[in-house]
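K.L.:
coords please:
(one chain, ligands or ions: 1)
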Amino acid sequence: MSEPRTFYVTTPIYYVNAPPHLGHAYTTVVGDVLTRFYRLAGYDTFFLTGTDEHGDKVVQAAAERQMSPKAYADEISNLFQSLWPRLNISNNRFIRTTDEEHKRVVQSILQAVYDKGDIYFGEYAGHYCVGCERFVTENELVDGKCPDHQKEPEFRKEKNYFFAMSKYQQWLVEHIRANPDFIRPERYRNKALSSLEEPLGDLCISRPKKRLSWGIPLPFDADYVTYVWFDALINYLTGVGYPSDSMYRAFWPEANHLIAKDILIPHGIYWPTMLQAAGIKPFVHLNVHGYWNIEGGKMSKSQGMIVDPFELSETYGVDAFRYFLMREMVFGLDANFSESALVGRLNSDLANDLGNLLSRSLAMVTKYFKGTVRQPADPGKEDEKLRDHALKVVDSFESDMKALGFHKALMGTWELVGHVNKYIDEMAPWSLAKDPDQKDRLATVLYNTLECLRIISCLIVPFMPQTGEKMWTQLGMDGSICDQCVKDMKAWGRVRAGQIIQRGAPLFPRRDPTESDGQKDSQTR
Ligand SMILES: [Zn+2]
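P.N.:
Below you'll find the predicted structure:
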């Protein structure tokens, strides 16, 4: 079977009770990097992000500001929308759960599941975590508290509507077993499977309107509104025009959901069973990442530690910030965030290794050949080794990216950067330049260097769009990098003899490593 050529990626819709923090920025940058990569690889792509605007916490946050929930949601949602361009996020749509279209989709799915007999009215009593906005089971608690919110859940008892999730438990277990990449990385798949060893309860999907009116009314009972998860998760369908839009037919079920590990259960268990009940094919991948630890604590709005991603990207440059996030975190595992580590990577990987490579290569083309690329002569052993390495890196880059191994894809790219630097040192163009008989050899060494830089610019452009473009321009390549990469990334020899390089400013000015320490207090609030 040939692989589908469509790629649909989603971030969670972010809750509007606080402005965006580092965790939001990371997930959204991952979505953007994937979208740009698949676009270069020739796929039709769709990238959805947005805001989740209903529920108790929004009502509370609005009341604290003496605003209506809608006015409050508008304000925070606008903040998210206005900030993403500052991280160069190329989402196709920004969805809000207060959009009229979304309300209609939620109601149509509720009605369909209700008509099927999988939604019933009943009474429920249990431990409810306000932070998680769901009933939690005893074995999720640590010392009687929700581990994510460090709070004891409230005991609640009320009449509500329930989704007969338990009916789909066996189906889900079999689906996860039959599709090893359905939830990835593996640790989260195992976590979902182990929580499915317990009998799966039914899911409370409503709130009485008298207690919470800020929600989507149930189509079959006007006294109730939809419980947040049954509202929020459905955004992934609304986002591509469910049920009838051609977009929906093109992109569903090719959905890649990106989430942090705290919402594994709703996405890995509620969501596929909801889809199955509604007669909709499940998404292809749920991709789960870990937390950013800051000074030993969890990156969490409930614990109040916030690093401002927009301030950081302003201080160090959006590309350096994106590179750091993608290089430092192994997707699926927790990672440590520190500003000094960011400065370290900026100086070593970006300014020294890559930036210097480009500037010294272009300086030599200017000095020895007046800025014009010369025709290379027949390759020698070292030249072939370099070319083979470059082409091999493109292949492994592609497979690493598809497996969410972003740090590996970048490590592989930087091995090539290192190889080109070593090649220059060993070939010593400055010595070749002294000998008129070595003119062809000099042309060959510089050609191979530029050709590797062209390939490197294509590899890094999903991560660092501005830098990739700058490199492309400085190398004197024609057209836009994004149109050219697709067909040329895996080919050798696309730099043309006669093309004229355009030297520019250094890609990444070095930063003073002590500078970050002084700013720590203002960055970590
Ligand atoms: Zn909780």
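K.L.:
tally of neighbours for residue 453?
P.N.:
Counted with other C-beta atoms under 10 Å, residues neighbouring residue 453 total 24. Every C-beta, even on glycine, is put in place using the N, C-alpha and C of the backbone.
K.L.:
In contact with it, which residues?
P.N.:
By C-beta atoms under 8 Å, 6 or more residues apart in numbering, residue 453 lies in contact with 357-358, 361, 420, 471, 475.
K.L.:
SS state for it?
P.N.:
Classification of residue 453 using DSSP: H, G, I helix; E, B strand; the rest coil returns helix.
K.L.:
Pull out the buried positions in the helix or strand that contains residue 459.
P.N.:
Taking DSSP states H and E as the definition, one finds residue 459 inside helix 439-460. Using 16 or more other C-beta atoms under 10 Å as the test for burial, helix 439-460 gives 441-460.
K.L.:
now do stretch 222-235
P.N.:
For stretch 222-235, the buried set under the neighbour-count rule, 16+ other C-beta under 10 Å, comprises 224-235.
K.L.:
That one and the ion, any residue contact?
P.N.:
No: legend: contact between stretch 222-235 and the ion by C-beta under 5 Å from the ion is lacking; minimum distance shown is 13.0 Å.
K.L.:
one step back: tell me the least confident of the buried residues of stretch 222-235?
P.N.:
Comparing pLDDT over those singles out residue 228 as the least confident position, at 81.
K.L.:
My guess is it contacts residue 132. True?
P.N.:
No: counting by C-beta atoms under 8 Å, residue 228 sits too far from residue 132 to count as a contact (10.0 Å).
K.L.:
Could you report the separation of residue 419 from residue 277?
P.N.:
53 Å (C-beta to C-beta, to the nearest Å).
K.L.:
Neighbour count: those two, which is higher?
P.N.:
More neighbours surround residue 277 than the other of residue 419 and residue 277, with 21 against 16 (other C-beta under 10 Å).
K.L.:
My read is that the more buried one contacts residue 114, right?
P.N.:
No: counting by C-beta under 8 Å, residue 277 sits too far from residue 114 to count as a contact (10.0 Å).
K.L.:
List the residues that contact the closest residue to residue 44 other than its chain neighbours.
P.N.:
Of all residues beyond its chain neighbours, the one nearest residue 44 is residue 6 (4.8 Å), with distances taken as C-beta to C-beta, 6 or more residues apart in numbering. Contacts for residue 6 (C-beta under 8 Å, 6+ apart) come out as 43-46, 250-251, 254.
K.L.:
try 6 Å
P.N.:
44, 250-251, 254 (C-beta atoms under 6 Å, 6 or more residues apart in numbering).
K.L.:
between those residues, which has the most around it?
P.N.:
Counting neighbours by other C-beta under 10 Å, residue 251 leads those with 25 neighbours.
K.L.:
Bridge partners for the residue lying closest to that residue once chain neighbours are set aside, pull those for me.
P.N.:
Counting by C-beta to C-beta, 6+ apart, the nearest residue to residue 251 once its immediate chain neighbours are dropped is residue 8, at 4.0 Å. According to DSSP bridges, the residues that bridge with residue 8 are residue 46, residue 255.
K.L.:
so how far does stretch 201-216 reach from one end to the other?
P.N.:
23 Å (C-alpha to C-alpha, to the nearest Å).
K.L.:
Let me see the mean pLDDT of it.
P.N.:
92.
K.L.:
got the buried residues for it?
P.N.:
Judged by neighbour count (16+ other C-beta under 10 Å), stretch 201-216 contains these buried residues: 202-207, 209, 212, 214-216.
K.L.:
Stretch 362-375 too?
P.N.:
Residues of stretch 362-375 classed as buried: 362, 364-365, 368-369, 373-374 (neighbour count, 16+ other C-beta under 10 Å).
K.L.:
try stretch 352-360
P.N.:
Neighbour-count burial for stretch 352-360, with 16+ other C-beta under 10 Å as criterion, is recorded at 353-359.
K.L.:
do stretch 44-64 as well
P.N.:
In terms of neighbour count (16+ other C-beta under 10 Å), stretch 44-64 has its buried residues at 45-59, 61-62.
K.L.:
Just give me how far the helix or strand containing residue 172 sits from the chain centre.
P.N.:
Assigned by DSSP H and E, residue 172 falls within helix 169-178. Centroid separation for helix 169-178 versus its chain: 27 Å, with C-alpha atoms, centre = their mean, to the nearest Å.
K.L.:
Distance of residue 78 relative to the ion?
P.N.:
Summarising the geometry, the distance separating residue 78 from the ion, computed by C-beta to the ion, to the nearest Å, is 28 Å.
K.L.:
so is that residue in a helix, a strand, or just coil?
P.N.:
Reduced to three states by three-state DSSP, residue 78 is helix.
K.L.:
Which residues lie in contact with the closest residue to residue 133 other than its chain neighbours in this structure?
P.N.:
Distances taken as C-beta to C-beta, 6+ apart put residue 228 closest to residue 133, at 5.1 Å, once the chain neighbours are dropped. Residue 228 makes contact with 54-55, 133 under the criterion C-beta under 6 Å, 6+ apart.
K.L.:
what's the neighbour count on residue 320?
P.N.:
By other C-beta under 10 Å, 25 other residues sit near residue 320.
K.L.:
Quick one: residues contacting the closest residue in space to it that isn't next to it in sequence.
P.N.:
In space, not counting the residues next to it along the chain, residue 320 is nearest to residue 346; the distance is 4.7 Å by C-beta to C-beta, 6+ apart. If a contact means C-beta under 6 Å, 6+ apart, then residue 346 has 316, 320, 511 as its contacts.
K.L.:
how does it look with 7 Å?
P.N.:
Residue 346 sits next to 316, 320, 508, 511 when contact means C-beta atoms under 7 Å, 6 or more residues apart in numbering.
K.L.:
Among these, which ones are in strands?
P.N.:
When the contacts of residue 346 are checked against strands using DSSP state E, none is located there.
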